[in-house]
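# quick check, what structure comes out for this input:
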Amino acid sequence: MNGPIGDTYLWLEVDDDRYAEPVQRQFKRIGEPVRVVAVDLEGDGARPVRGLEVVDGEVVAGPAFACAVEDSGSGVVWLVYGGAAGVWVGEGDVLPRPDDGVFEAYLLVDRSALTEG
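Numbering: from 1, shown residues only. The predicted model follows:
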């Protein structure tokens, strides 16, 4: 389960490789996660973001979350994360093929790139 561990850390694990590279990471968090509905990746406008969960062997879209975390190179960044299959940034209600969308294990962005919801 991705999310806070105690008062200090946030655990992220993507172990389903159909949409994103598998990863296991621990981040030092600053504050509590918030639900996010959109992210602006390139400065060209916010697009919907969803977490990807595995339910009964199928990948389905669910909520995405963001949390301020410490980053050794940038200071404080916002970690955008979802479930065991990563996150999806894109339009539509039907999950596209992995090569037809923006899929990542997680995103690191500036706070101004997020739309809470």
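
# which residue sits farthest out from the middle of this protein?
No residue in the chain has its C-alpha farther from the mean C-alpha position than D56, which lies at 21.0 Å (Cα atoms, centre = their mean).

# quick check: Q24 is in a strand.
Yes. Residue state for Q24 (DSSP: H, G, I helix; E, B strand; the rest coil) corresponds to a strand.

# pretty sure it contacts E13?
Yes. Q24 is within contact range of E13, at 4.9 Å (criterion: Cβ atoms under 8 Å). Using the backbone N, CA and C atoms, a C-beta is placed for each residue, glycine as well.

# quick one: contacts for the most centrally placed residue in the chain?
With distances taken as Cα atoms, centre = their mean, Y81 lies nearest the centre of the chain, 2.1 Å away. Counting by Cβ atoms under 8 Å, 6 or more residues apart in numbering, Y81 touches 2, 10, 12, 51, 64-67, 87, 106-107.

# mind listing which of these are in helices?
Here DSSP state H is the test, and these give no hits in helices at all.

# among those residues, show me the least confident.
Across those, the bottom pLDDT score, 84, is held by N2.

# distance of that one relative to D99?
Using Cβ to Cβ, to the nearest Å, N2 is found at 24 Å from D99.

# who has more neighbours out of these two?
Using other Cβ atoms under 10 Å, the more surrounded residue of N2 and D99 is N2, with 20 against 7.

# so the more buried one sits against Y9, correct?
No. Checked against Cβ under 8 Å, the pair N2 and Y9 is beyond contact range at 11.7 Å.
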